[in-house]
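Student: have a look at this fold, sequence not included:
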C-alpha cells in the first residue's frame, strides 16, 4: 500500500487525528484550526491528495475535484447532511463519499426535544424578563407565561421527514405525553418525499413499534393537524422552502414548530411573519437559511417567540467524537481502497 | 348553608371564577388582578371571611389569621409548595389548608427536563452568540459549544428529593438514556429527608418500577456521583441552603444541576462561584433565593453557564387551569365544611 496524502480541513481531536497520523499516510491539517481554512488553502493542498476530510463550510464541488486531479479517491464529510457536496460531480469522477450518520442521532434528537420544550414553555421570553431585570416587576399571576404542553389530550405530533432521527425524537416525546393506553393518547402524522404503494403496511409497522397511531399524510394535513411540528428532512430541491407562507398559514395558532434539519427548508421571513401574526404559537430553530450570516436584526432572532441556536444539533462530546472517528475511518478506508464504514451512494 | 365570604387574591380564570361565583357565596376578588394585592387590601378584606385563595406572594400567617377573625375556616393556596404559609398557626386555629398537588407534576417535570438539556447543551451561550451578532464570526468547528449528554455510558441520575415530580422527571430521562437492558445502563441515586429502616425494600420497588437500579444515598454521595443532579425537595429548615459550597465542591466537573424546587434550597452565590471555578459544568434554575428581586447583575444571571427562568415551572395552560379549579374547589369545600379535594394535613 503506497503512502497517500490526506487533507484535513479542521483538527478533529486527539482520537481521530491519532488514527490518521498512525496510518503512515501524509496528513495535512489546516494549521489555523479550529477556524475553517480559506478556499485557497484547500484548493492548494488538495493537489495530488487521495482523500479529504471536510466540514459543512467546505464545499466539495467541481472546483475542488479539478484542483485535486485524478489522485482523489474519497471525500469524507464530518456531517450527516451533504448539501455542501456535489454528489453527482463526485460520482462522475468515481470519487467515493463518506459521511457520519447515526452517531449524531441522539444529540440531534435531544436538541430537538429541548427546542420543542423551549418553544412551548416560552423560554426565550422568560430568560429575557430575567436578563432585562424585569423579574421584580413581573408579578406572578395564574396565567403568566403559560403555554401548551405535551400532556394535553389528543395531541398530534407531526414530522416533516420521518427518518432515524425523527424516530428517536418520537420515542422521547412519548415519555412526555399521555400514555398510549389512554383514550386520548397522542397520534403521529408525517410526510416524507412521496406516498409509496406499500405506505399503509409501513405505517402499520410504525404503529406497532411506537404503540400509538402513526400515519403518512399530505403536507397540507401535516400543517393543519400538528400540535408539535418537527422539521427533520434532507435539504434538496423538493424540500427547499417547503415550510413557507402557505404552509405556515395552515398551522394551528397553538402549535409549535422546530427545525433541526437545514435552514433553507423553512422560509425564515415567512416564519417570522407568521409568528408576528400569531398564526402559530412559537418556534425553535437550530438552523437558519443563510447561516452563519445571521445577526441580531434577523427577523427570527428579534421574534420573542422564536429560539435561535447557532447550529449545535450534534454538539455533544460523545457525538462529535463519534463523528470525528467515523470521518477519519471513512477517509482511511477510501484512500486504501477498502469498504467505507459509512458511504453515501 | 349560610352565605359566606370568600376572598380571592388574583383572578383565577373563567372556569375557576365561574365555579366560585355560581356558589352563591360572596366572592371578593382583588380588582387589580393579575397584579398581586397589596397586603393592606388582603388584611382589610379578610375580615369576617370564611375562606381565602392565596398565591405564593400572599403570606398566610398569624397576622392574616388575626385580621380574619374566628370566621376563617380555610386557606386555599394556588401552589403545591407552602413555604409562604404558617402551617402551625393555621392548625392552632383549626383553619384547614388546601393546596394543588399533582395537577402541576407534568408541567414541572417537563420544565426540569428542558433545563437539564439547556444546561448540557449550553443553550444560554448559544443564544447569546446569536443575540450578540457573533454567529457570523463563530466558525463551526468539531468541538465548539459541545457538552455532556444523556446517552453516555454509566450515566448517574441524581435526585435531591424523590417525590412524585422526581418520578415523572425520571421516566422522561429514561427515554433519553441508554436502555435499561444495556450493560452500561444508567443508574439512579437519591436522597430524601432520612434513611428509613425499610429503605432497601423501597429501593427494590423503585428499581422494579423504573427498570434501572435506584438507590438511596447520603447527600455527600449524591453530590459526588451524580452526572445530572435534580433538586426537587420541599423547602424547610433541613433543606434550606443544603446545596451550598461544600455540596457543590464535591460535584463532578462534567455534572449539571437543575433546581425546580425552591430557590433557598440552593445557595445562589455558592453556585455562581462553583460555576465560575468549573466545579460543575452548568446549571438551570427556575427558582432563585430572594425572587422576584433578582436582577441582571445577580451572579447566576450573569453566569454564561446558568440558565435562569422566572419561576414558570407550572406555567402550562392545562396545569394552571387544573390548579385554579382545584384551588376553587378546595376553598368552597372548606367554607361549606366538606372534605377538601386536596388538603394538606
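Tutor: Nice, I can see it. Just so it is clear, the model here is predicted, and its values are computed rather than measured.
Student: going forward, measure contacts between C-alpha atoms and count neighbours the same way
Tutor: Fine.
Student: give the buried residues for the longest helix along chain A.
Tutor: Secondary structure assigned by DSSP state H gives helix A:317-335 as the longest helix of chain A. Across helix A:317-335, burial judged by 16 or more other CA atoms under 10 Å in any protein chain shown covers A:317-335.
Student: among those, which are in reach of chain B?
Tutor: Contacts with chain B within those, counted by CA under 8 Å from any CA of the partner chain: A:317, A:318, A:320, A:324.
Student: any idea which of those is closest to residue A:273?
Tutor: Nearest to residue A:273 among those: residue A:320, at 34.7 Å, using CA to CA.
Student: what's in contact with stretch A:240-251?
Tutor: A:219-220, A:223-226, A:264-267, A:270-271, A:274, A:279-280 (CA atoms under 8 Å, 6 or more residues apart in numbering or on different chains).
Student: and it, how far apart are its ends?
Tutor: Using CA to CA, to the nearest Å, one end of stretch A:240-251 lies 19 Å from the other.
Student: can you check stretch A:137-148 too?
Tutor: Start-to-end, stretch A:137-148 (CA to CA) is 24 Å.
Student: over to stretch A:70-79?
Tutor: 25 Å.
Student: show me the contact partners of it.
Tutor: A:48-56, A:60, A:65, A:94-101, A:323-324, A:327-328, A:330-331, A:334-335.
Student: pull out the buried residues from the residues you listed.
Tutor: Here, 16+ other CA under 10 Å leaves A:48-56, A:60, A:65, A:95-101, A:323-324, A:327-328, A:330-331, A:334-335 buried among these.
Student: now, the contacts of stretch A:70-79 that are in helices?
Tutor: Among the contacts of stretch A:70-79, the ones falling in helices (DSSP H) are A:65, A:323, A:324, A:327, A:328, A:330, A:331, A:334, A:335.
Student: pull out the buried residues from stretch A:168-184.
Tutor: A:168, A:169, A:170, A:171, A:172, A:173, A:174, A:175, A:176, A:177, A:178, A:180.
Student: tell me how far that stretch lies from the chain's centre.
Tutor: Centroid separation for stretch A:168-184 versus its chain: 23 Å, with CA atoms, centre = their mean, to the nearest Å.
Student: and the end-to-end length of it?
Tutor: One end of stretch A:168-184 sits 22 Å from the other (CA to CA).
Student: ok, and what's touching it?
Tutor: Against stretch A:168-184 from outside (CA under 8 Å, 6+ apart): A:105-106, A:109-110, A:112-113, A:150-155, A:185-186, A:210-212, B:106, B:110, B:171-172, B:175-176.
Student: closest to the centroid, which residue in chain A?
Tutor: residue A:261 (3.2 Å; CA atoms, centre = their mean).
Student: what's the closest non-adjacent residue to residue A:300?
Tutor: residue A:272 (5.3 Å; CA to CA, 6 or more residues apart in numbering or on different chains).
Student: tell me how far the one you found lies from chain B.
Tutor: Taking CA to the nearest CA, to the nearest Å as the measure, residue A:272 and chain B are separated by 16 Å.
Student: OK, contacts around that residue?
Tutor: By CA under 8 Å, 6+ apart, residue A:272 lies in contact with A:299, A:300, A:303.
Student: residue A:144: neighbour count?
Tutor: 15 (other CA atoms under 10 Å in any protein chain shown).
Student: in three-state terms, label it for me.
Tutor: Under DSSP: H, G, I helix; E, B strand; the rest coil, residue A:144 falls in the coil class.
Student: so who does it touch?
Tutor: residue B:315.
Student: repeat that for the one 10 residues further on.
Tutor: Neighbouring residues of residue A:154 by CA under 8 Å, 6+ apart: A:184, A:185, A:186, A:187.
Student: if you rank these by neighbours, which is first?
Tutor: Highest neighbour count within the contacts of residue A:154: residue A:186, with 25 neighbours (other CA under 10 Å).
Student: for it, give its distance to chain B.
Tutor: 15 Å.
Student: quick check on that residue: phi, psi?
Tutor: Backbone torsions for residue A:186, taken as degrees, to the nearest 10, come to phi -70, psi 160.
Student: that one touches residue A:207, doesn't it?
Tutor: No. Assessed by CA atoms under 8 Å, residue A:186 is found out of contact with residue A:207, at 11.7 Å.
Student: list the residues that contact both of these two?
Tutor: Joint contacts of residue A:186 and residue A:207 (CA under 8 Å, 6+ apart) are residue A:213.
Student: measure how buried the closest residue to residue A:97 other than its chain neighbours is and give me the count.
Tutor: Nearest non-adjacent residue to residue A:97, counting by CA to CA, 6+ apart: residue A:75, 5.0 Å away. Using other CA under 10 Å, residue A:75 has 28 neighbouring residues.
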